[in-house]
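Visitor: got a predicted structure plus its sequence, pasted below:
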Amino acid sequence: MCEYVLKTEGLGISFGGLRAVDGVELRVRKKQIYGLIGPNGAGKTTVFNMLTGVYQPTRGTFYLDGEELKGLSQDKINQKGIARTFQNIRLFNNMTVVRNVMVGFHNLPKYKCSFIDSIFRTKRHRDTERAMRARAKEILSIFGLLDERNLLAYNLPYGKQRKLEIARALATNPKLLLLDEPAAGMNPQETSELMETIRFVRDKFDMTILLIEHDMSLVAGICDELTVLNFGQTLACGETSEVLKDPEVVKAYLGD
Amino acid sequence: MSAFIVKFKNIKWKRYTNYIGISLVLLVFTVLTLADSLPQSTLFLLEKIGISIILSISLGLVVGFLGELSLGHAGFMCIGAYIGGKTAELLSDVGVEGIFALLISVVVGALTAAVFGFIVGLPALRLKGDYLAIVTLAFCEIVKTAFENSSKESFGGPMGLRTPRFDKHYLFIIIFSFILVCLAVMQNLIRSKHGRAITAIRDNEIAARATGINVTKYKLLAFIISAAFAGVAGVMYSFANSTVAASAFDYNYSIEILVMVVLGGMGNITGGIISATVITFLNVKLTTMLTGDNAVLKDLVYALILVLIVIYNNAPALKYVRERYNIRALTDKIFKKRSDVSYDTDDEGKWDRVPTKIKMDELLSVDVVVRESVIDPDKEGKE
């Protein structure tokens, strides 16, 4: 067993001459809620995009549970155990809520069902479909979305869409969950609800969570450790309370 | 016995509407043919409609469920028609004829079309939106030109390939049976996890990738299946006509198939079947009714009817009429009881109700094919 669920070594990427991210070192332990913060344009989402295979890092590498994942495609990385949500919600809008979650089961060996099985609607197909649906309902009930399961996803209110996105990511049975600004556009009450949800997810699913957030109350409230990025480089990292007091960090956020 | 009745009551009839509809049509017309009361023209019409329905369902998979715009469907059909016709010819040389020859031709034609679907799809599906439309359009033209310029011995050249005759009275039965096969494959696929993956790609490709779906694989899969059934339709075409001429499979024909899909509603198989029937019926009727100097009016009347249908479907002023008098309302009325009582609607029942992603009017204006904005690679995953 490896000490860190996620470990990056000198992770960096250049777009032409621009070093968007350089030398990011993340060490995320199991069952930790780890925050990645920084001013706008610091490269936080770029880090996420590298971790999920949207971009291929030009320098450095990263490991999930000791296994190097650099260079894999997005779907392979997801199969290895990194799931993510997006800053702007990306649901399968024209599908029902329950089917959104069921898409997440696609690669689980438990629900293996070949193309031929599906075409002929064999027993195996029916059994896996039933099992998937039951499991999807379980996950939805955890997130309080069970009553909305037959709605099309875009008919959900904003907060529930966020929850559904997390539910879908969890359905892929990841080892590490990346949340990209989960509290964006939420009012304080929704944010505190979301904090509860994130904590709950960690405890219920034994999940390790890496999140990007601008809402400092949320960050201070739930993150165990933080890394602060500024202009693509690590400004500070360590325990949340200490990092937030760091004069360099305060300077980056508020100016001199 | 009572257990059987309960089981019977629990059958989700809505799922089988398409099968039942097609089977009923097949049954009625088979009986009429056996009674020898159908004129040749009606049989011809039935064959044409059947072929259109197969085309509409198969293109519906790519346009309606995968959300990609393919303008080369006639190309795959053309391959199916020529290869199937040629196979039948070769088979008749060695003495295999009738239904066996037909079935073998269908398999060969469908497989060849599928192979071409793979060859075209592999590079083309990495393109997005308009680019795919252009590549498939070009493919269709290439296929057409290639067959037109083939030698007289191989594929008949510009005069077209002469195909062996098939007993005209019963061809439509075979065509309609293939519609049932096609329906079964499409519906079962769409309702499975593989179909979910395909619809997920349509709804949000980036999210689909992040959810672990191999986007290229599923795009190819949908494309290949669609091409294979276009090939089946092509083979049927070659059996329904005594010659196969490449000039029939031009750009306009691809557009006509697309119109059937779009008019029926994206991702709506039943709608595709109905619109394929209506459009083919209109086409054939207008061709036979307007003869001589009036023949030029055909396209005009056809276009006018299409415009009227589009207006009827979209005009806000007609909303009330639409909601009151439509097929959905009718079927809902019939199935009302069933859908109220113990009918857990969270089954796949809603799969065919997805609203359109590509706007109908955008597609119908042929020269301006607009798609959802192409995703800027720099912004992928963020925006």
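Guide: Done, it's in.
Visitor: for the chain, which segments count as strands?
Guide: Unless you meant another one, I'm taking chain A. A:4-15, A:18-24, A:27-29, A:33-37, A:59-64, A:67-68, A:82-84, A:176-180, A:208-212, A:225-230, A:233-239 (DSSP state E).
Visitor: hm, I was asking about chain B
Guide: Under DSSP E, chain B gives strands at B:161-162, B:243-244.
Visitor: what about the residue of the stretch 1-150 of chain B found nearest chain A, neighbour count?
Guide: Closest residue of the stretch 1-150 of chain B to chain A, Cβ to the nearest Cβ: residue B:67 (9.5 Å). Placement of C-beta: from N, CA and C, glycine included. A count of nearby residues for residue B:67, using other Cβ atoms under 10 Å in any protein chain shown, gives 26.
Visitor: skipping its backbone neighbours, what lies nearest it in space?
Guide: The shortest distance from residue B:67 to any non-neighbouring residue, by Cβ to Cβ, 6 or more residues apart in numbering or on different chains, is to residue B:202 (3.2 Å).
Visitor: give me every residue that touches residue A:75.
Guide: Shown in contact with residue A:75 (Cβ atoms under 8 Å, 6 or more residues apart in numbering or on different chains): A:107, B:209, B:212, B:213, B:214, B:215.
Visitor: at 10 Å instead, please
Guide: Contacts for residue A:75 were tallied using Cβ atoms under 10 Å, 6 or more residues apart in numbering or on different chains; they are A:53, A:106-107, B:208-217.
Visitor: ok, residue B:263 next?
Guide: By Cβ under 10 Å, 6+ apart, residue B:263 lies in contact with B:56, B:271-272, B:274-276, B:278-279, B:306, B:309-310, B:313, B:360, B:363-364.
Visitor: 8 Å instead?
Guide: Taking Cβ under 8 Å, 6+ apart as the test, what residue B:263 contacts is B:271, B:275, B:279, B:306, B:309, B:310, B:360.
Visitor: now do it against chain A, distance only.
Guide: Look at residue B:263 and chain A: by Cβ to the nearest Cβ, to the nearest Å, they are 19 Å apart.
Visitor: would you map the helices across the stretch 51-200 of chain A?
Guide: With DSSP state H, counting those that start in this stretch as the criterion, the stretch 51-200 of chain A has helices at A:74-80, A:97-104, A:115-120, A:123-142, A:158-171, A:188-205.
Visitor: next one: the stretch 201-350 of chain B
Guide: B:205-210, B:215-240, B:251-264, B:269-289, B:297-314, B:319-324, B:327-340.
Visitor: counting contacts, what elements does the fifth one pack onto?
Guide: Which is helix B:297-314. Applying 3 or more Cβ pairs under 8 Å, 6 or more residues apart in numbering or on different chains; DSSP states H and E, one finds that helix B:297-314 makes contact with helix B:251-264, helix B:269-289, helix B:360-364.
Visitor: hmm, try it at 7 Å
Guide: helix B:269-289, helix B:360-364 (3 or more Cβ pairs under 7 Å, 6 or more residues apart in numbering or on different chains; DSSP states H and E).
Visitor: list the contacts of the longest one.
Guide: Just to be clear, that refers to helix B:269-289. Here helix B:269-289 makes contact (Cβ atoms under 7 Å, 6 or more residues apart in numbering or on different chains) with B:17-18, B:45, B:48-49, B:52-53, B:56-57, B:60, B:186-187, B:259-261, B:263-265, B:298, B:301-302, B:305, B:352.
Visitor: burial of the residue in the stretch 151-256 of chain A that chain B sits nearest to, as a residue count?
Guide: Residue nearest to chain B within the stretch 151-256 of chain A (Cβ to the nearest Cβ): residue A:172, separated by 5.4 Å. Neighbour count of residue A:172, defined by other Cβ under 10 Å: 24.
Visitor: how about it, what does it touch?
Guide: So residue A:172 contacts A:78, A:83, A:104, A:107, B:211, B:212 (Cβ under 7 Å, 6+ apart).
Visitor: who is the residue nearest the centre of chain A paired with across the strands?
Guide: The centroid of chain A falls nearest to residue A:178 when counting by Cα atoms, centre = their mean (1.9 Å). Beta bridges link residue A:178 to residue A:84, residue A:210, judged by DSSP bridges.
Visitor: ok, the residue nearest to residue B:67 touching residue B:64?
Guide: No - when contacts are counted by Cβ atoms under 7 Å, residue B:202 is not listed as touching residue B:64 (8.3 Å).
Visitor: measure stretch B:201-218 end to end?
Guide: Stretch B:201-218 stretches 8 Å from its first residue to its last (Cα to Cα, to the nearest Å).
Visitor: which ones are touching the closest residue in space to residue A:120 that isn't next to it in sequence?
Guide: Setting aside the residues directly before and after it, residue A:120 is nearest to residue B:188 in space (Cβ to Cβ, 6+ apart), at 7.3 Å. Going by Cβ under 7 Å, 6+ apart, residue B:188 touches A:118, A:119, A:121.
Visitor: can you flag the buried ones in the residues you listed?
Guide: A:118, A:119 (16 or more other Cβ atoms under 10 Å in any protein chain shown).
Visitor: out of the contacts of residue B:188, which touch chain B?
Guide: Contacts with chain B within the contacts of residue B:188, as defined by Cβ under 7 Å from any Cβ of the partner chain: A:118, A:119, A:121.
Visitor: if we can go back for a sec, the residue nearest to residue B:67: neighbouring residues, count only.
Guide: Counted with other Cβ under 10 Å, residue B:202 comes out at 26.
Visitor: ok, now how distant is it from residue B:98?
Guide: Look at residue B:202 and residue B:98: by Cβ to Cβ, to the nearest Å, they are 42 Å apart.
Visitor: quick check: closest non-adjacent residue to residue A:71.
Guide: Nearest residue to residue A:71 in three dimensions, chain neighbours excluded: residue A:56, at 6.4 Å (Cβ to Cβ, 6+ apart).
Visitor: does stretch A:146-166 come close to chain B?
Guide: Yes - against chain B, stretch A:146-166 shows contacts by Cβ under 7 Å from any Cβ at A:149, A:150.
Visitor: sorry, back to before: now render the contacts of residue B:188 as a markdown table, adding pLDDT.
Guide: Below are those laid out as a markdown table (pLDDT from 0 to 100):
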| residue | pLDDT |
| --- | --- |
| A:118 | 88 |
| A:119 | 89 |
| A:121 | 87 |
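Visitor: of the contacts of residue B:188, closest to chain B?
Guide: Ranked by distance to chain B (Cβ to the nearest Cβ), the contacts of residue B:188 are led by residue A:118 at 3.3 Å.
Visitor: hang on, that closest one packs against residue A:128?
Guide: No - taking contacts as Cβ under 7 Å, residue A:118 lies outside contact range of residue A:128: 9.3 Å.
Visitor: surely residue B:120 is in contact with residue B:138?
Guide: No - between residue B:120 and residue B:138 there is no contact, the gap being 9.5 Å when judged by Cβ under 7 Å.
Visitor: those two: who's more crowded?
Guide: residue B:120 (25 against 15).
Visitor: any idea how far that one lies from residue B:233?
Guide: 17 Å.
Visitor: before we move on, what about residue B:301?
Guide: Applying Cβ to Cβ, the value for residue B:301 to residue B:233 is 26 Å.
Visitor: of these two, which one has the most company?
Guide: Higher neighbour count among residue B:301 and residue B:233: residue B:233, with 33 against 15, using other Cβ under 10 Å.
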